[in-house]
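Engineer: have a look at this prediction, sequence included:
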Amino acid sequence: MDLDYLLAVPSWNSVGILVTFFTYLAIAGSLIPAKLVPGVTLQDGSRLHYRCNGLLSMLLLALLLGVGAKMGLLSLTVISERGLELLSATFIFSFLVALALYAAGCKSRNQSSSLKPHVTGNLIHDWWFGVQLNPSFLGIDLKFFFVRSGMMGWLFINLSVLAKTIQSATLSHSMILYQMFCLIYILDYFFYEEYMTSTWDIIAERLGFMLVFGDLVWIPFTFSIQGWWLLGNKVELTTAAVIANCFVFLIGYLVFRGANKQKHDFKKNPKALIWGKPPKVVGGKLLASGYWGIARHCNYLGDLLLALSFSLPCGISSPVPYFYPIYLLILLIWRERRDEARCAEKYKEVWAEYRRLVPWRILPYFY
Ligand code: NDP
C-alpha cells in the first residue's frame, strides 16, 4: 500500500505540478492580451490596474493539456490520483507564502495605500490577516493572482476527476450534471472577471494566510468535494430528478448573474433600465427595483441555489457532498449581517428607507 498517499505527504510530483501551474499562470497572465481594468480608487487617490485575461489563460491551458495528453506527454488523471498530495503541498505553500508576505510587509517602508504595512505586533494576527493590502511580486498583483489560481484549480481538479471516470468507464448522469454546472459557473466567472476588481476581498482585505489559504486550498479542494465523492459512489437519478436539478441550476444562475449585473450596471449608470423600466432609486443611491426590489441580497440567494444544484446530482444518501452549500449558507448569512451593518452605517436613513421598502434579506417571505 502507498503509505505516502494515505498520509498525504507532498511528493516532488505534486510540488512540480504546483510550480508548473503557477509559472504558467504568471507567464500567461503577463503575456496574453488582456482587458486592463482600473480598480476602485484607494484612500490615497491611486488606482491599481488589473489584467483581465483569465478566460483566455484558462482555455489555452486546457488546450495545452489536451494536446499534451494526446501526444502522451502527460496524464489527465494525475490530479485525481494525487489529490491528497496536492492538497498538502498547496497547504504548505500557502503557509510559507503567508510567512513571506508577513516578513516582506513588515520590512516595507512604502506609504502608499496598497503597500503601507499595518502591523499590530501580534505575529499570529498579522500573519493570518496580512500586513499589506495589495502586495505584488515581479509586477503581478498577488491577491488577484491567487483568486484566479483557485478558481482555475477547481476547474482542473474537476476535469481530472472527469478524465478518471471516463478512463474507468464509470461516467454517470450525476457526474455529467455536476461537471456541466461547475464548468458553466467557472466560465461565467472568468467571462465577468473584471467584476472581481470591486469585490470586498480585493478592495478591503489585506493579503495574509486567511485569503491565501481561502483562494488556493479552500476553493479548489472543498468546492470539488462532490466530484471526488462521485468518483467512489454510484447514484441513479430519475429523469424527473435530472430535470428538477437543471431547473434549480437555471433559476440560481439567472438570479445570481442577473442581480450582480443589475447592481454593476446601476453603479456605472444610475439611469440604466432595470427589466426594461427606469430604476426605482432610494435616496439617489440605492437600487430598489429588479432583483434588488425582491430581497436586499438576492444575489446571495442565486449563489445558494447554484451551490445546491452542484450537490443535488449526488442524491441524498450522504451529507458529504452537501459540504459546499452548507458552508456557503453559513458564510453568506454571516456576510449579509456584516454588510447590513456596514451599509446602515454608510447610508444611514437612506438604508433604513431601503429596508422599509424591501423588508426581506435573502429569501422573500422566509428570511
Ligand atoms: P454584494 O455584491 O452584494 O455587495 C454588497 C455591496 O453592494 C454593499 O456593501 C453596497 O456597497 C452595495 N449595495 C448593497 N445593496 C445595494 C443596492 N440596493 N443598490 C446599490 N448598491 C447596493 O456582496 P459580495 O461582494 O459579498 O458578493 C458578490 C457576489 O459574490 C455575490 O453574488 C455572492 O454570492 C458571491 N460570493 C460567493 C462566495 C463563494 O464562496 N462562492 C463568497 C462570497 C461572495 P456600496 O458601499 O458600494 O454601495
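Structural biologist: On my side now, so go ahead.
Engineer: only C-alpha atoms from now on, for both contacts and neighbour counts.
Structural biologist: Will do.
Engineer: who's in contact with residue 222?
Structural biologist: Contact analysis of residue 222 by C-alpha atoms under 8 Å, 6 or more residues apart in numbering lists 323, 324.
Engineer: er, residue 195 I mean
Structural biologist: Contacts of residue 195 by C-alpha under 8 Å, 6+ apart are residue 264.
Engineer: just residue 272 next, same as before
Structural biologist: 265, 266, 278, 279.
Engineer: can you tell me the SS state at it?
Structural biologist: Following DSSP: H, G, I helix; E, B strand; the rest coil, residue 272 is assigned to coil.
Engineer: quick check: phi and psi on it?
Structural biologist: Dihedral angles of residue 272 (phi, psi; degrees, to the nearest 10) stand at phi -60, psi 140.
Engineer: circling back to that earlier point, pick out the most distant pair among the contacts of residue 272.
Structural biologist: Spatial extent of the contacts of residue 272 (C-alpha to C-alpha) is set by the pair 265 and 278 at 12.4 Å.
Engineer: flag every residue of the stretch 251-367 of the chain that's near the ligand.
Structural biologist: Neighbours of the ligand within the stretch 251-367 of the chain, by C-alpha under 6 Å from any ligand atom: 256, 263, 286, 287, 288, 292, 297, 299, 300, 303, 339, 343.
Engineer: which element follows the helix or strand encompassing the first one toward the C-terminus?
Structural biologist: In other words, residue 256. Using DSSP states H and E, residue 256 sits in helix 239-268. Of the helices and strands lying after helix 239-268 in sequence (DSSP H and E), the nearest is strand 281-282.
Engineer: which outside residues touch that next one?
Structural biologist: By C-alpha under 8 Å, 6+ apart, the list of residues contacting strand 281-282 reads 287, 288, 289, 350, 353, 354.
Engineer: and which of those is nearest to the ligand?
Structural biologist: Using C-alpha to the nearest ligand atom, the shortest approach to the ligand within the contacts of strand 281-282 belongs to residue 287, at 3.9 Å.
Engineer: buried set for stretch 93-101?
Structural biologist: By neighbour count on 16 or more other C-alpha atoms under 10 Å, the buried set for stretch 93-101 is 93, 94, 95, 97, 98, 99, 101.
Engineer: point out where this structure drops to low pLDDT.
Structural biologist: The chain contains residues with pLDDT under 70 at 1-7.
Engineer: closest to the centroid, which residue in it?
Structural biologist: Centroid-nearest residue in the chain, with C-alpha atoms, centre = their mean: residue 151, separated by 5.4 Å.
Engineer: distance of residue 89 relative to residue 13?
Structural biologist: 10 Å (C-alpha to C-alpha, to the nearest Å).
Engineer: okay, these two: which has more neighbours?
Structural biologist: residue 89 (24 against 14; other C-alpha atoms under 10 Å).
Engineer: counting neighbours, what do you get for the closest residue in space to the more buried one that isn't next to it in sequence?
Structural biologist: Among residues not flanking residue 89 along the chain, residue 10 sits closest, at 4.9 Å (C-alpha to C-alpha, 6 or more residues apart in numbering). Neighbours of residue 10 under the rule other C-alpha under 10 Å: 21.
Engineer: surely residue 10 touches residue 82?
Structural biologist: No - if you go by C-alpha atoms under 8 Å, residue 10 and residue 82 don't touch, sitting 9.2 Å apart.
Engineer: now the element after the helix or strand residue 160 falls within, going C-ward?
Structural biologist: Here residue 160 is covered by helix 142-167, with elements defined by DSSP H and E. Remark: after helix 142-167, the chain's next helix or strand is helix 173-191, criterion DSSP H and E.
Engineer: for the stretch 101-250 of the chain, which residue gets nearest to the ligand?
Structural biologist: Counting by C-alpha to the nearest ligand atom, the stretch 101-250 of the chain gets nearest to the ligand through residue 199 (4.6 Å).
Engineer: tell me how far that residue lies from residue 289.
Structural biologist: 22 Å.
Engineer: and these two? which has more neighbours close in?
Structural biologist: residue 289 (20 against 13).
Engineer: follow-up on the earlier one: from the residues of the stretch 251-367 of the chain next to the ligand, which land in helices?
Structural biologist: Per DSSP state H, helices hold the following members of those: 256, 263, 299, 300, 303, 339, 343.
Engineer: next, format those as CSV and append neighbour count.
Structural biologist: Shown next, in CSV, are these (neighbours: other C-alpha atoms under 10 Å):
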residue, neighbour count
256, 22
263, 19
299, 24
300, 25
303, 22
339, 15
343, 14
